[in-house]
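Novice: this is the structure alone, sequence omitted:
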């Protein structure tokens, strides 16, 4: 379900995975309306995003870019998806940064070993992952007056590419 009041969709019951057919989609939408109503009746919407399931990634990351009142623009990288709260595994870089610093930060995470191909699993192209994160940080810096914050959770990391699964972009409050 899509609604401005659903920043954290999973907690509200506004996300359903692995739907196989039209009937399961219809049932899921009805249950979603009920669950979201119980969570926050003002968040209920008739807008839904339906898309193909992404393949299982090597790693899930969280990316957060925002303006810190004390330090300025900052990039937070960490273990993503459901591991965010479970592992509390993150690192922060002040912006501007460089791809080599992003690579170092990614390797410092607990999931860094998974990126490198832990126990015979395929390795990700860490330089390519860092390049994509770097491009995002540059875009944020170039648009800092119109973007307050970008959060991607999860960012699915595959061998040679990344895919932003859930993105929240906050705009500055008008004063």
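Specialist: That came through fine. Source: prediction; values computed, not measured.
Novice: what residues go with each domain of the chain?
Specialist: 1-53, 59-170 (automatic domain parsing).
Novice: any idea which of those domains is most buried?
Specialist: Compared across the domains of the chain, domain 59-170 shows the largest average neighbour count, a mean of 16 (mean count of other Cβ atoms under 10 Å). (Glycine included, C-beta is placed from N, CA and C.)
Novice: that one: end-to-end distance?
Specialist: 25 Å (Cα to Cα, to the nearest Å).
Novice: please report how far the residue lying farthest from the centre of the chain lies from residue 150.
Specialist: Computed with Cα atoms, centre = their mean, the residue of the chain farthest from its C-alpha average is residue 23, at 29.0 Å. In this view, residue 23 and residue 150 are 37 Å apart by Cβ to Cβ, to the nearest Å.
Novice: turn the domains of the chain into a markdown table, including mean pLDDT.
Specialist: Output for the domains of the chain, formatted as a markdown table (pLDDT from 0 to 100):
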| stretch | mean pLDDT |
| --- | --- |
| domain 1-53 | 92 |
| domain 59-170 | 94 |
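Novice: how close does the spatially most central residue of the chain get to residue 53?
Specialist: The chain has residue 153 as the residue nearest its centroid, 1.8 Å off, counting by Cα atoms, centre = their mean. Remark: distance between residue 153 and residue 53 (Cβ to Cβ) = 17 Å.
Novice: now do residue 90
Specialist: Distance from residue 90 to residue 53, by Cβ to Cβ: 27 Å.
Novice: can you give me the helices for this protein?
Specialist: For the chain, the helices defined by DSSP state H occupy 9-12, 22-39, 83-87, 99-108, 112-115, 126-142.
Novice: among these, which is nearest residue 157?
Specialist: Closest to residue 157 of the helices of the chain, according to Cβ to Cβ: helix 126-142, at 5.7 Å.
Novice: how far does that closest one sit from its chain's centre?
Specialist: From the chain centre to the centre of helix 126-142 is a distance of 14 Å (Cα atoms, centre = their mean, to the nearest Å).
Novice: who are the packing partners of it?
Specialist: Contacts defined by 3 or more Cβ pairs under 8 Å, 6 or more residues apart in numbering; DSSP states H and E place helix 126-142 against strand 59-68, strand 72-79, helix 99-108, strand 149-157, strand 162-164.
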